[in-house]
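Undergrad: Structure here, sequence nowhere to be found:
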(Lines give C-alpha, C1' and ligand atoms only; values in the text may rest on other atoms or scores of the structure.)
Protein backbone atom coordinates (compact mmCIF):
# COMPACT_ATOMS: atom_id res chain seq x y z
CA UNK A 1 0.00 0.00 0.00
CA UNK A 2 1.64 3.35 -1.02
CA UNK A 3 2.23 6.01 1.64
CA UNK A 4 -0.16 8.84 1.79
CA UNK A 5 1.28 12.27 0.76
CA UNK A 6 1.03 15.14 3.12
CA UNK A 7 -1.28 17.75 1.74
CA UNK A 8 0.76 20.51 3.36
CA UNK A 9 4.06 19.84 1.52
CA UNK A 10 3.26 21.88 -1.56
CA UNK A 11 2.25 25.11 0.21
CA UNK A 12 5.25 24.79 2.50
CA UNK A 13 7.59 24.35 -0.44
CA UNK A 14 6.17 27.38 -2.24
CA UNK A 15 6.49 29.68 0.74
CA UNK A 16 9.96 28.43 1.40
CA UNK A 17 10.93 29.10 -2.19
CA UNK A 18 9.58 32.65 -1.95
CA UNK A 19 11.44 33.25 1.27
CA UNK A 20 14.67 32.04 -0.22
CA UNK A 21 14.24 34.33 -3.22
CA UNK A 22 13.55 37.43 -1.07
CA UNK A 23 16.43 36.55 1.21
CA UNK A 24 18.80 36.21 -1.74
CA UNK A 25 17.69 39.55 -3.18
CA UNK A 26 18.20 41.33 0.12
CA UNK A 27 21.69 39.88 0.55
CA UNK A 28 22.57 40.80 -3.03
CA UNK A 29 21.39 44.39 -2.46
CA UNK A 30 23.41 44.70 0.74
CA UNK A 31 26.49 43.32 -1.02
CA UNK A 32 26.16 45.85 -3.84
CA UNK A 33 25.84 48.71 -1.36
CA UNK A 34 28.90 47.53 0.56
CA UNK A 35 30.94 47.23 -2.65
CA UNK A 36 30.15 50.75 -3.92
CA UNK A 37 30.38 52.51 -0.56
CA UNK A 38 33.02 50.76 1.46
CA UNK A 39 35.44 49.27 -1.02
CA UNK A 40 36.27 52.43 -2.96
CA UNK A 41 39.82 52.55 -4.35
CA UNK A 42 41.75 55.85 -4.10
CA UNK A 43 44.00 56.50 -7.03
CA UNK A 44 47.33 57.87 -5.77
CA UNK A 45 48.53 61.15 -7.18
CA UNK A 46 51.44 60.93 -9.58
CA UNK A 47 54.82 61.61 -8.03
CA UNK A 48 56.94 64.22 -9.74
CA UNK A 49 60.15 62.77 -11.05
CA UNK A 50 63.34 64.71 -11.59
CA UNK A 51 67.06 65.09 -10.90
CA UNK A 52 68.16 66.43 -7.52
CA UNK A 53 70.62 69.34 -7.78
CA UNK A 54 72.72 70.64 -4.92
CA UNK A 55 71.85 74.07 -3.62
CA UNK A 56 74.37 76.76 -4.41
CA UNK A 57 74.99 80.24 -5.72
CA UNK A 58 77.54 79.81 -8.51
CA UNK A 59 77.85 77.68 -11.60
CA UNK A 60 81.33 76.40 -10.45
CA UNK A 61 82.55 75.11 -7.07
CA UNK A 62 85.04 72.85 -5.35
CA UNK A 63 84.82 70.81 -2.11
CA UNK A 64 82.99 67.96 -0.47
CA UNK A 65 81.05 69.75 2.25
CA UNK A 66 78.06 72.06 1.94
CA UNK A 67 79.08 75.50 3.16
CA UNK A 68 77.14 76.90 6.06
CA UNK A 69 74.53 79.50 5.08
CA UNK A 70 75.18 83.11 5.91
CA UNK A 71 73.56 84.31 9.11
CA UNK A 72 70.22 85.99 8.56
CA UNK A 73 69.58 89.25 10.41
CA UNK A 74 66.64 89.04 12.80
CA UNK A 75 63.52 91.00 11.74
CA UNK A 76 63.11 94.47 13.24
CA UNK A 77 61.05 94.66 16.41
CA UNK A 78 57.40 95.73 16.08
CA UNK A 79 56.72 99.44 16.61
CA UNK A 80 55.98 100.52 20.14
CA UNK A 81 52.54 101.71 21.22
CA UNK A 82 53.76 105.27 21.63
CA UNK A 83 53.80 108.22 19.23
CA UNK A 84 54.65 105.99 16.24
CA UNK A 85 51.56 103.88 16.85
CA UNK A 86 49.39 106.97 17.10
CA UNK A 87 50.89 108.32 13.90
CA UNK A 88 50.36 104.97 12.15
CA UNK A 89 46.75 104.93 13.32
CA UNK A 90 46.20 108.42 11.95
CA UNK A 91 47.77 107.50 8.63
CA UNK A 92 45.76 104.34 8.18
CA UNK A 93 42.35 105.46 9.39
CA UNK A 94 39.52 105.41 6.85
CA UNK A 95 37.82 108.65 7.86
CA UNK A 96 38.82 112.20 8.56
CA UNK A 97 37.63 113.94 11.67
CA UNK A 98 36.44 117.50 11.27
CA UNK A 99 38.59 120.06 13.00
CA UNK A 100 36.62 122.09 15.48
CA UNK A 101 37.17 125.78 14.81
CA UNK A 102 36.68 127.84 17.88
CA UNK A 103 35.17 131.27 17.35
CA UNK A 104 37.67 133.89 18.24
CA UNK A 105 36.27 136.64 20.38
CA UNK A 106 37.34 140.10 19.17
CA UNK A 107 39.78 141.88 21.38
CA UNK A 108 38.98 145.27 22.94
CA UNK A 109 41.28 146.91 20.39
CA UNK A 110 39.37 145.31 17.50
CA UNK A 111 36.04 146.36 19.04
CA UNK A 112 37.32 149.92 19.34
CA UNK A 113 38.41 149.96 15.69
CA UNK A 114 35.05 148.59 14.55
CA UNK A 115 33.21 151.28 16.53
CA UNK A 116 35.45 153.98 15.02
CA UNK A 117 34.80 152.61 11.52
CA UNK A 118 31.02 152.69 12.08
CA UNK A 119 31.21 156.22 13.44
CA UNK A 120 33.31 157.34 10.46
CA UNK A 121 30.83 155.78 8.03
CA UNK A 122 27.89 157.49 9.75
CA UNK A 123 29.73 160.82 9.65
CA UNK A 124 30.51 160.34 5.97
CA UNK A 125 26.85 159.69 5.21
CA UNK A 126 25.79 162.76 7.17
CA UNK A 127 28.29 164.90 5.29
CA UNK A 128 27.11 163.51 1.95
CA UNK A 129 23.47 164.21 2.86
CA UNK A 130 24.36 167.74 3.99
CA UNK A 131 26.27 168.31 0.74
CA UNK A 132 23.30 167.07 -1.29
CA UNK A 133 20.93 169.42 0.53
CA UNK A 134 23.37 172.31 0.09
CA UNK A 135 23.58 171.68 -3.65
CA UNK A 136 19.80 171.50 -3.92
CA UNK A 137 19.41 174.74 -1.99
CA UNK A 138 22.03 176.50 -4.08
CA UNK A 139 20.36 175.25 -7.27
CA UNK A 140 16.96 176.47 -6.10
CA UNK A 141 18.38 179.86 -5.15
CA UNK A 142 20.21 180.12 -8.47
CA UNK A 143 17.05 179.34 -10.42
CA UNK A 144 15.16 181.87 -8.34
CA UNK A 145 17.76 184.57 -9.00
CA UNK A 146 17.80 183.75 -12.70
CA UNK A 147 14.01 183.93 -12.81
CA UNK A 148 14.02 187.30 -11.05
CA UNK A 149 16.78 188.60 -13.31
CA UNK A 150 14.87 187.42 -16.36
CA UNK A 151 11.72 189.19 -15.24
CA UNK A 152 13.68 192.38 -14.60
CA UNK A 153 15.21 192.25 -18.07
CA UNK A 154 11.81 191.53 -19.63
CA UNK A 155 10.31 194.48 -17.75
CA UNK A 156 13.06 196.75 -18.98
CA UNK A 157 12.57 195.53 -22.52
CA UNK A 158 8.83 196.16 -22.37
CA UNK A 159 9.33 199.63 -20.93
CA UNK A 160 11.87 200.42 -23.63
CA UNK A 161 9.48 199.14 -26.30
CA UNK A 162 6.61 201.12 -24.88
CA UNK A 163 8.62 204.34 -24.90
CA UNK A 164 9.61 203.79 -28.52
CA UNK A 165 6.11 202.76 -29.65
CA UNK A 166 4.79 204.82 -32.51
CA UNK A 167 1.37 205.07 -30.88
CA UNK A 168 2.91 207.08 -28.06
CA UNK A 169 4.88 209.40 -30.29
CA UNK A 170 3.70 212.98 -29.99
CA UNK A 171 1.11 212.26 -27.33
CA UNK A 172 0.91 214.34 -24.22
CA UNK A 173 -1.22 211.90 -22.24
CA UNK A 174 0.08 211.11 -18.77
CA UNK A 175 -2.67 208.71 -17.77
CA UNK A 176 -4.09 205.37 -18.86
CA UNK A 177 -6.62 203.08 -17.20
CA UNK A 178 -10.24 202.71 -16.28
CA UNK A 179 -10.18 203.60 -12.59
CA UNK A 180 -10.07 207.40 -13.14
CA UNK A 181 -7.54 209.89 -11.86
CA UNK A 182 -4.00 210.73 -12.81
CA UNK A 183 -1.49 207.90 -13.44
CA UNK A 184 -0.76 204.86 -15.61
CA UNK A 185 -2.90 202.03 -14.23
CA UNK A 186 -1.38 198.51 -14.29
CA UNK A 187 1.61 196.57 -12.96
CA UNK A 188 5.33 197.05 -13.62
CA UNK A 189 5.68 193.65 -15.32
CA UNK A 190 2.69 194.22 -17.61
CA UNK A 191 2.55 195.02 -21.31
CA UNK A 192 1.28 198.23 -22.97
CA UNK A 193 -1.04 196.25 -25.23
CA UNK A 194 -2.95 194.58 -22.38
CA UNK A 195 -6.55 195.58 -21.71
CA UNK A 196 -6.52 194.28 -18.15
CA UNK A 197 -5.06 196.66 -15.60
CA UNK A 198 -5.25 194.64 -12.37
CA UNK A 199 -2.76 192.10 -10.98
CA UNK A 200 -2.66 188.94 -13.07
CA UNK A 201 -3.42 190.74 -16.32
CA UNK A 202 -1.39 190.41 -19.48
CA UNK A 203 -1.10 188.31 -22.61
CA UNK A 204 0.69 184.98 -22.87
CA UNK A 205 0.59 181.39 -24.08
CA UNK A 206 2.10 178.04 -23.11
CA UNK A 207 3.86 175.47 -25.26
CA UNK A 208 3.56 171.79 -24.26
CA UNK A 209 5.76 168.81 -25.11
CA UNK A 210 5.88 165.30 -23.65
CA UNK A 211 8.03 162.19 -23.63
CA UNK A 212 6.69 158.73 -22.67
CA UNK A 213 8.86 156.30 -24.59
CA UNK A 214 7.14 156.97 -27.93
CA UNK A 215 3.65 156.57 -26.47
CA UNK A 216 1.07 159.01 -27.82
CA UNK A 217 -1.34 161.23 -25.92
CA UNK A 218 -5.14 161.10 -26.02
CA UNK A 219 -6.05 164.34 -24.19
CA UNK A 220 -3.38 166.97 -23.62
CA UNK A 221 -4.67 169.50 -21.10
CA UNK A 222 -3.35 173.06 -21.37
CA UNK A 223 -2.80 174.77 -18.00
CA UNK A 224 -4.42 178.18 -17.34
CA UNK A 225 -1.96 181.00 -17.91
CA UNK A 226 -3.25 184.31 -16.59
CA UNK A 227 -0.23 185.65 -14.74
CA UNK A 228 2.64 187.77 -16.05
CA UNK A 229 5.44 185.29 -15.33
CA UNK A 230 7.52 183.22 -17.66
CA UNK A 231 9.53 180.05 -17.40
CA UNK A 232 9.75 176.35 -18.21
CA UNK A 233 8.30 173.72 -15.88
CA UNK A 234 9.23 170.06 -16.38
CA UNK A 235 6.82 167.63 -14.71
CA UNK A 236 7.72 164.00 -14.01
CA UNK A 237 4.62 161.82 -14.53
CA UNK A 238 3.70 158.21 -13.75
CA UNK A 239 1.31 156.63 -16.27
CA UNK A 240 -0.67 153.38 -16.10
CA UNK A 241 -1.33 151.04 -19.03
CA UNK A 242 -4.78 152.58 -19.37
CA UNK A 243 -3.15 155.97 -20.06
CA UNK A 244 -4.18 157.66 -16.80
CA UNK A 245 -1.61 159.84 -15.02
CA UNK A 246 -1.41 158.67 -11.41
CA UNK A 247 1.33 160.96 -10.12
CA UNK A 248 2.97 164.24 -11.16
CA UNK A 249 6.03 166.01 -9.71
CA UNK A 250 6.70 169.50 -11.12
CA UNK A 251 9.99 171.40 -11.05
CA UNK A 252 12.40 168.54 -11.79
CA UNK A 253 15.73 168.94 -13.61
CA UNK A 254 15.37 171.08 -16.71
CA UNK A 255 12.94 173.57 -15.17
CA UNK A 256 13.88 177.26 -15.32
CA UNK A 257 11.40 178.56 -12.75
CA UNK A 258 10.23 177.55 -9.30
CA UNK A 259 7.26 179.91 -9.17
CA UNK A 260 4.62 178.31 -6.99
CA UNK A 261 1.71 179.30 -9.24
CA UNK A 262 3.33 177.96 -12.40
CA UNK A 263 4.31 174.73 -10.64
CA UNK A 264 0.78 174.30 -9.34
CA UNK A 265 -1.02 174.82 -12.65
CA UNK A 266 1.50 172.60 -14.45
CA UNK A 267 0.92 169.76 -11.97
CA UNK A 268 -2.87 170.07 -12.22
CA UNK A 269 -2.74 170.02 -16.03
CA UNK A 270 -0.42 166.99 -16.00
CA UNK A 271 -2.76 165.02 -13.71
CA UNK A 272 -5.67 165.74 -16.10
CA UNK A 273 -3.72 164.65 -19.19
CA UNK A 274 -4.52 161.23 -20.66
CA UNK A 275 -2.13 159.14 -22.76
CA UNK A 276 -2.96 156.37 -25.22
CA UNK A 277 -3.90 152.97 -23.82
CA UNK A 278 -1.20 150.32 -24.28
CA UNK A 279 -1.55 146.84 -22.76
CA UNK A 280 2.05 146.02 -23.72
CA UNK A 281 3.48 148.97 -21.81
CA UNK A 282 4.92 148.55 -18.29
CA UNK A 283 2.37 148.60 -15.49
CA UNK A 284 3.99 151.80 -14.16
CA UNK A 285 5.64 153.88 -16.93
CA UNK A 286 7.67 157.01 -16.21
CA UNK A 287 7.77 160.06 -18.47
CA UNK A 288 7.81 163.86 -18.56
CA UNK A 289 5.57 166.71 -19.67
CA UNK A 290 7.18 170.09 -20.31
CA UNK A 291 5.23 173.36 -20.11
CA UNK A 292 6.85 176.55 -21.43
CA UNK A 293 5.08 179.68 -20.17
CA UNK A 294 5.90 182.67 -22.35
CA UNK A 295 4.49 186.15 -22.48
CA UNK A 296 3.67 187.65 -25.86
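TA: Okay, I see it. Keep in mind that what you see is a predicted model, and the values were worked out from it rather than measured.
Undergrad: C-alpha from now on. contacts and neighbour counts both.
TA: Noted.
Undergrad: On the three-state scheme, residue 289 is what?
TA: Assigned with DSSP: H, G, I helix; E, B strand; the rest coil, residue 289 falls in the strand class.
Undergrad: how much space between it and residue 283?
TA: Distance, residue 289 to residue 283, by Cα to Cα, to the nearest Å: 19 Å.
Undergrad: In a strand, residue 238, correct?
TA: Yes. Read with three-state DSSP, residue 238 is one of the residues of a strand.
Undergrad: Quick check: residue 209 is in a helix.
TA: No. According to three-state DSSP, residue 209 belongs to no helix; its state is strand.
Undergrad: measure it to residue 234 for me?
TA: 9 Å.
Undergrad: Which one's more surrounded, the two?
TA: For residue 209 versus residue 234, neighbours defined as other Cα atoms under 10 Å are more numerous around residue 234 (25 against 11).
Undergrad: Work out for me the element that one sits within.
TA: Assigned by DSSP states H and E, residue 234 belongs to strand 231-239.
Undergrad: In terms of secondary structure, what does that strand contact?
TA: Judged by 3 or more Cα pairs under 8 Å, 6 or more residues apart in numbering; DSSP states H and E, strand 231-239 is in contact with strand 245-250, helix 260-272, strand 285-295.
Undergrad: quick one on the thing from earlier: looking at residue 289 and residue 283, which has the bigger crowd around it?
TA: Remark: of residue 289 and residue 283, residue 289 carries more neighbours, 23 against 13, as counted by other Cα under 10 Å.
Undergrad: What pLDDT is listed against the more buried one?
TA: Looking at residue 289, its pLDDT stands at 95.
Undergrad: where's it relative to residue 59, distance?
TA: Distance from residue 289 to residue 59, by Cα to Cα: 115 Å.
Undergrad: And for residue 214?
TA: Distance of residue 214 to residue 59, computed by Cα to Cα: 107 Å.
Undergrad: quick one: which of the two has more around it?
TA: Shown here are residue 214 and residue 59; by other Cα under 10 Å, residue 214 has more neighbours (8 against 5).
Undergrad: domain parsing for this structure?
TA: 117-164, 204-295 (automatic domain parsing).
Undergrad: could those be laid out in JSON lines, adding distance to residue 105?
TA: What follows is those, written out as JSON lines (distance: least, Cα to Cα, whole Å):
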{"stretch": "domain 117-164", "distance to residue 105": "18"}
{"stretch": "domain 204-295", "distance to residue 105": "50"}
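Undergrad: Can you tell me which of the ones you listed is most buried?
TA: Per residue and on average, the most neighbours among these fall to domain 204-295, with a mean of 18 (mean count of other Cα atoms under 10 Å).
Undergrad: can I assume residue 235 is in contact with residue 256?
TA: No. With contact defined as Cα atoms under 8 Å, residue 235 does not reach residue 256; the gap is 12.0 Å.
Undergrad: Return the residues in contact with the nearest residue to residue 239 once chain neighbours are set aside.
TA: Among residues not flanking residue 239 along the chain, residue 245 sits closest, at 4.5 Å (Cα to Cα, 6 or more residues apart in numbering). Residue 245 is in contact with 237, 238, 239, 270, 271, 272, 273, 274, 275, counting by Cα atoms under 8 Å, 6 or more residues apart in numbering.
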